[in-house]
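> what shape does this take:
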Amino acid sequence: MAKAIMVQGTMSNAGKSLLAAGLCRIFKQDGYRVAPFKSQNMALNSFITEEGLEMGRAQVMQAEAAGIAPSVLMNPILLKPTNDVGSQVIVNGEVLGTMSARDYFKYKKKLIPDIMKAYHKLEETYDIIVIEGAGSPAEINLKEEDIVNMGMAKMAEAPVLLVGDIDRGGVFAQLIGTIELLEKDEQDMVKGLIINKFRGDKTILDPGIKMLEERSGIPVVGVAPYLQIQVEDEDSLSERLEHSQEVGQIDIAVVRVPRISNFTDFNPLESIPGVSLRYVKKPQDLKNPDMIILPGTKNTMEDLLWMRESGMEAAVLKEASHGKLIFGICGGYQMLGETLSDPYGVEAGGTMKGMGLLPMDTVFAKEKTRTRVTGKVEALSGAYQAFSGAEIEGYEIHMGETNLRSGAVPAVSIYDHVSGKTKTDGACSENVCGTYVHGIFDKESCTEAIIKLLGEKKGLDVSQISSVDFAAFKETQYDLLAEELRKHLNMHKIYEILEKGI
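You can find the predicted model right below:
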């Protein structure tokens with residue numbers, strides 16, 4: 001059976017996901033069959049597997065680092081917040097229902113058999129399982145019936161590496177305080193401490209590290225640097241959403257709606273030299289982009305209402321009237337239509353007017369569409385003509401069904417890998433285009449087409465701006481991550497912890 005090691009953090013965004021990915025890559029490089037696992041993930045960034053099942057993108061990223069295909073076994077429970085007090089609960093890749101936080105807290109222990117069934121299946125196939133926790137194990141109000149931190153560590157009999165974030169300050173208090181709030185048997189399971197996101201001269205830290213080891217009785221197994229690694233982020237805590245970027249030759253603005261989801265759709269555009277991709281929350285932050293993107297959202301109607309109230313909708317409509325390229329994905333695509341109706345109360349209920357930029361209507365359905373797709377962009381006219389024929393691949397994940405009005409032109413033609421049918425998707429009209437396909441920019445030919453049409457519209461010579469093979473680019477990033485972590489983690493000690501277990 002597989003050996004396990006678990007990465008927990010003193011807080012959310014301490015760097016657990018990235019460190020777990022790095023360990024997956026290192027173990028893979030060292031010849032082991034390794035898989036990631038997170039019993040419960042809360043995120044709006046999700047992914048659809050080849051079987052049409054939904055899982056969190058953090059474990060997809062870690063699976064890529066491990067060199068294996070992502071599977072819902074790696075993330076049996078996914079919580080997708082629909083509002084401030086409730087989430088859609090997805091179990092084994094399928095929607096169980098929507099629950100309030102209180103109701104889910106009472107219900108979650110019933111999911112332990114699903115968690116352990118998934119975990120044991122991974123045990124049968126792999127040599128090492130790298131488990132990721134969530135938030136902090138010291139959230140004393142949530143410790144009862146815990147299924148994702150120390151509760152998971154106990155079920156898997158996994159030794160724990162506890163990670164603290166020095167970039168936010170107070171890392172020694174983070175680590176010591178977390179340990180002291182754990183029960184004695186939980187403290188004994190923490191076998192190593194990691195200080196993460198360090199910048200500067202490590203020797204300055206040495207007195208603190210010595211004290212930390214003396215106070216806790218646990219060895220510090222690494223001081224990991226602040227890494228500028230371009231891999232996919234877990235959720236909206238992502239620093240890229242706050243990053244203010246200088247405007248490049250080609251400037252793309254993504255509207256940062258409150259419940260933005262799957263913003264990893266835009267990572268390929270962000271990786272192209274000469275292209276700036278900015279996330280904007282205020283109309284004045286739009287400046288003068290070459291293209292405006294409306295991203296996916298977990299609550300289209302509420303986020304469209306936010307666009308309306310914040311003045312962002314009026315700003316986008318103004319830019320569209322001036323010929324600016326507008327592109328919508330999933331929820332952003334739905335916003336661009338004439339109407340949005342929610343007869344079953346999937347979101348806010350009722351009917352509301354869309355932005356009126358595409359001749360179509362959306363009705364929210366009871367069942368979620370989940371599928372992988374491949375295909376190409378249709379023969380388009382207007383500003384998107386140069387986009388015609390570009391190959392695409394990605395996935396659909398949405399509750400809405402969109403019907404085009406008479407005379408409307410579909411944007412893409414795709415093959416549905418789950419149903420086995422070919423269909424059209426999206427809509428395009430002059431300078432406005434939209435689709436349900438997440439990951440549409442992952443194909444190099446697609447990003448090249450977009451950059452070419454933006455450059456030509458601006459009168460630029462974009463021959464020197466070339467897109468990248470994003471899959472190959474990510475491989476270099478995982479190798480770089482592993483290389484850096486080998487320099488700064490005591491891998492000999494980590495292997496020793498893995499071998500001894502708890």
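
> in the host helix or strand of residue 120, what's buried?
Assessed by DSSP states H and E, residue 120 sits inside helix 112-125. For helix 112-125, a neighbour-count test (16 or more other C-beta atoms under 10 Å) marks 114, 115, 116, 118, 119, 122, 123 as buried. From N, CA and C alone the C-beta is placed, and that goes for glycine too.

> pLDDT of whatever helix or strand residue 105 lives in, averaged?
Under the criterion of DSSP H and E, residue 105 resides in helix 101-107. Helix 101-107 carries an average pLDDT of 92.

> before we move on, what about stretch 143-152?
92.

> show me what the helix holding residue 120 is packed against.
If contacts are counted by 3 or more C-beta pairs under 8 Å, 6 or more residues apart in numbering; DSSP states H and E, helix 112-125 sits against strand 34-37, strand 128-132, helix 150-156.

> who's in contact with the second one?
Where contact means C-beta atoms under 8 Å, 6 or more residues apart in numbering, the residues beyond strand 128-132 that reach it are 2-7, 16-17, 20, 23-24, 27, 32-39, 58-59, 62, 66, 119, 122-123, 152-153, 156, 158, 498.

> what angle separates it from helix 112-125?
Computed by axes from the mean of the first three to the mean of the last three C-alpha atoms, to 10 degrees, the angle separating strand 128-132 from helix 112-125 equals 150 degrees.

> returning to what we had before: okay, the buried residues of helix 112-125 in JSON lines with distance to residue 331 and pLDDT next?
Listed next are these as JSON lines, based on distance: C-beta to C-beta, whole Å; pLDDT from 0 to 100:
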{"residue": "114", "distance to residue 331": "28", "pLDDT": "97"}
{"residue": "115", "distance to residue 331": "30", "pLDDT": "98"}
{"residue": "116", "distance to residue 331": "34", "pLDDT": "97"}
{"residue": "118", "distance to residue 331": "29", "pLDDT": "98"}
{"residue": "119", "distance to residue 331": "33", "pLDDT": "98"}
{"residue": "122", "distance to residue 331": "32", "pLDDT": "98"}
{"residue": "123", "distance to residue 331": "37", "pLDDT": "96"}
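
> residue 431: which of the residues you listed is nearest?
Within these, proximity to residue 431 (C-beta to C-beta) peaks at residue 118, which comes in at 45.8 Å.

> longest strand anywhere in this structure?
strand 360-377 (DSSP state E).

> partner strands of that one, with direction?
strand 339-342 (parallel), strand 391-404 (antiparallel), strand 412-416 (antiparallel) (DSSP bridges).

> mind checking which of the contacts of strand 128-132 are buried?
Buried among these (16+ other C-beta under 10 Å): 2-7, 16-17, 20, 23-24, 27, 32, 34-39, 58-59, 62, 66, 119, 122-123, 152-153, 156, 158, 498.

> where in the stretch 201-350 of the chain is pLDDT low?
233-245 (pLDDT under 70).

> helix, strand, or coil at residue 248?
State at residue 248, reduced to three classes by DSSP: H, G, I helix; E, B strand; the rest coil: coil.

> before we move on, the earlier item: to residue 97, which of the strands paired with strand 360-377 lies closest?
Of all these, strand 391-404 comes closest under C-beta to C-beta, at 13.0 Å.

> and the closest one, which residues are buried?
392, 393, 394, 395, 396, 397, 398, 399, 400, 402, 404.

> what's the answer for stretch 274-284, then?
So for stretch 274-284, counting by 16+ other C-beta under 10 Å, buried means 275, 276, 277, 278, 279, 280, 283.

> I'd say the last one and residue 311 touch.
Yes - taking contact to mean C-beta atoms under 8 Å, the distance of 4.7 Å between residue 283 and residue 311 places them in contact.

> can you give me the strands for the stretch 101-250 of the chain?
Secondary structure of the stretch 101-250 of the chain (DSSP state E, counting those that start in this stretch): strands at 128-132, 160-165, 190-198, 220-225, 250-255.

> tabulate these (JSON lines), appending mean neighbour count and distance to residue 364.
Putting those into JSON lines (neighbours: other C-beta atoms under 10 Å; distance: least, C-beta to C-beta, whole Å) gives the following:
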{"stretch": "strand 128-132", "mean neighbour count": "26", "distance to residue 364": "32"}
{"stretch": "strand 160-165", "mean neighbour count": "27", "distance to residue 364": "38"}
{"stretch": "strand 190-198", "mean neighbour count": "23", "distance to residue 364": "40"}
{"stretch": "strand 220-225", "mean neighbour count": "20", "distance to residue 364": "43"}
{"stretch": "strand 250-255", "mean neighbour count": "24", "distance to residue 364": "21"}
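
> need those in TSV (columns: distance to residue 43).
Converted to TSV, those look like this (distance: least, C-beta to C-beta, whole Å):
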stretch	distance to residue 43
strand 128-132	12
strand 160-165	18
strand 190-198	19
strand 220-225	22
strand 250-255	18
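
> so which of those is nearest residue 352?
strand 250-255 (17.5 Å).

> so what are the sheet partners of that closest one and their directions?
strand 275-280 (parallel), strand 291-294 (parallel).

> brilliant, that's me finished.
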